[in-house]
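>>> sequence and predicted structure are below.
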Amino acid sequence: MSRKRIVVLGGGTGGTMTANRLRRRFDADEAEIHVVDRDDRHVYQPGLLFVPFGLARVEEIVRPRRRQLRNGVVFHENEVESVWVERDEVLLDDGTVLPYDVLVIATGVRLQPEETDGLTGPGWNERAFTFYSPEGAAQLQRALEGFEGGRLVVNLVDMPIKCPVAPLEFAFLADWYLRERGIRHRTELVYSTPLDAAFTKPIASEHLAGLLSEREIELVTEFNAGEVDGAGGKLVSYDGRELDFDLLVTVPLHGGAPYVERSPGLGDALGFVPTDRRTLQTPVKPNVFALGDATDLPTSKAGSVTHFEAEVLTENVARYFAGAELDAGYDGHANCFIETGFHKALLIDFNYETEPLPGRFPTAFGLPLLRESRLNHLGKLMFQWVYWHALLPGREIPGLGPAMPMRGKKQTPIHA
Ligand SMILES: Cc1cc2nc3c(=O)[nH]c(=O)nc-3n(C[C@H](O)[C@H](O)[C@H](O)COP(=O)(O)OP(=O)(O)OC[C@H]3O[C@@H](n4cnc5c(N)ncnc54)[C@H](O)[C@@H]3O)c2cc1C
């Protein structure tokens with residue numbers, strides 16, 4: 001084939017994995033590969049959960065982006081201004097125009113705390129925090145250290161959010177942390193969500209609601225936060241319900257990257273990119289693919305999802321160049337460790353059609369599913385090493401692939 005140019009927008013989890021996989025797949029004389037990201041700080045985002053509790057420091061979970069990319073991948077430290085789909089070109093903030101044969105969109109989500117009335121007003125980063133950014137997580141760590149009890153409300157404003165289990169994990173870890181500090185009896189812990197249950201999937205929700213109640217964490221459902229009075233310590237829902245807080249830990253609204261909205265035809269009303277749920281090709285043009293949090297796919301916005309998608313997407317870029325039929329092999333597979341405090345974690349594994357089932361993963365001899373265990377907690381901690389050394393470089397991991405394994409699963413769900 002003649003030498004092709006592949007441009008990857010975003011050098012986070014999905015962009016880095018995809019660029020490295022493509023680099024392994026194509027020789028330098030077959031394809032040149034470009035990655036664009038606005039900065040050179042690659043954050044291991046699952047680590048943000050541990051920062052507020054002093055279990056990780058921001059410096060330990062950030063590495064230079066450039067160093068995660070294989071030799072022969074060209075890195076542009078630029079903001080993407082827009083995509084000209086008609087002309088197969090990307091415009092960068094310094095005026096550079098990057099033409100492409102294939103475009104891969106991996107620009108994730110944008111946090112939008114300013115979209116909730118009052119949230120970024122008085123009290124922001126003093127009494128109301130988010131751990132979804134490195135800066136927010138570090139500020140929350142200082143606030144928790146000085147917290148002496150009161151009402152701690154964990155709230156997610158609206159779906160979709162990345163890692164939908166992360167606010168639940170925060171609530172469980174907060175319970176553990178406050179008990180360790182001997183101030184749990186002086187603290188009311190509240191978990192408020194716009195969902196009608198603890199989580200999006202019914203069987204897992206039942207387990208998680210059981211755990212919340214065991215830990216004496218109040219669950220408030222169908223709470224659509226509309227307004228925050230940070231100074232007065234009040235969270236108000238659209239239907240007029242109020243939740244008082246001394247400390248608010250919020251997961252703000254998520255939207256797609258602003259350039260998606262500026263690029264005609266590329267995204268939907270929220271700035272997410274419509275994407276084929278099985279091939280990861282976008283309907284805007286056959287040479288545009290997308291993966292990770294930037295898509296509109298009905299699965300979790302999670303690193304595991306992004307990893308499974310990257311395998312199918314890489315294959316499909318090769319098939320696109322070869323003029324072959326695309327692989328419809330992505331089944332919505334998602335896999336999440338849920339930290340529950342006291343050195344334990346749950347594991348859930350699901351796809352578009354099958355909700356989390358009990359059993360073991362990936363085979364009958366693997367990690368327990370939907371059950372708290374120390375092994376899962378160790379798996380969660382070990383994952384950081386796997387992320388930097390196997391996932392990002394684009395290495396194959398036995399047992400972890402785009403198709404959800406059914407071998408260790410119990411087909412008749414057991415309720416909590
Ligand atoms: C607190 C927290 C805990 C999490 N825990 C887990 C977990 O336990 N397990 C799990 O699987 N997932 C977890 N996740 C989710 C996981 O981190 C994301 O789903 C994953 O990183 C998505 O990859 P991505 O490539 O789509 O987006 P990102 O990795 O976010 O990358 C997007 C990149 O695009 C860049 N970008 C955006 N717009 C532009 C622009 N206009 N110009 C240039 N660059 C741009 C950004 O700088 C960024 O580097 C967690 C996330 C958070 C916040």
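Right, received. Where do you want to start?

>>> number of nearby residues for the residue in the stretch 1-150 of the chain positioned nearest to the ligand?
Closest to the ligand within the stretch 1-150 of the chain is G12: 1.9 Å, counting by CB to the nearest ligand atom. Using the backbone N, CA and C atoms, a C-beta is placed for each residue, glycine as well. By the criterion of other CB atoms under 10 Å, G12 has 22 neighbours.

>>> what's the answer for G210, then?
Applying other CB under 10 Å, I find that G210 has 13 neighbouring residues.

>>> work out for me the element it sits within.
If you go by DSSP states H and E, G210 is part of helix 202-214.

>>> pairing partners for the helix or strand following that helix, with directions?
Following helix 202-214 in sequence order, the next helix or strand is strand 217-220 (DSSP H and E). Paired with strand 217-220 in the same sheet, following DSSP bridges, are strand 187-192 (parallel).

>>> any part of the longest helix along the chain near the ligand?
Longest helix of the chain, by residue count under DSSP state H: helix 303-322. Yes - contact of helix 303-322 with the ligand (CB under 6 Å from any ligand atom) involves G303, S304, T306.

>>> which other helices and strands does that helix contact?
In terms of contacts (3 or more CB pairs under 8 Å, 6 or more residues apart in numbering; DSSP states H and E), helix 303-322 is packed against helix 13-25, strand 102-105, strand 288-290, strand 334-341.

>>> now the longest one - C-alpha only, PDB.
Only the C-alpha atoms of helix 13-25 are listed here, as PDB (Å, rounded to 0.1, in the frame of the first residue of the first chain):
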ATOM      1  CA  THR A  13      -5.600   6.200  27.400                       C
ATOM      2  CA  GLY A  14      -7.300   5.500  24.000                       C
ATOM      3  CA  GLY A  15      -5.100   7.700  21.800                       C
ATOM      4  CA  THR A  16      -1.800   6.400  23.200                       C
ATOM      5  CA  MET A  17      -2.900   2.700  23.100                       C
ATOM      6  CA  THR A  18      -4.200   3.100  19.500                       C
ATOM      7  CA  ALA A  19      -1.100   4.900  18.200                       C
ATOM      8  CA  ASN A  20       1.200   2.300  19.700                       C
ATOM      9  CA  ARG A  21      -0.900  -0.600  18.400                       C
ATOM     10  CA  LEU A  22      -1.000   1.000  14.900                       C
ATOM     11  CA  ARG A  23       2.800   1.600  15.100                       C
ATOM     12  CA  ARG A  24       3.300  -2.100  15.800                       C
ATOM     13  CA  ARG A  25       0.900  -3.000  13.000                       C
END
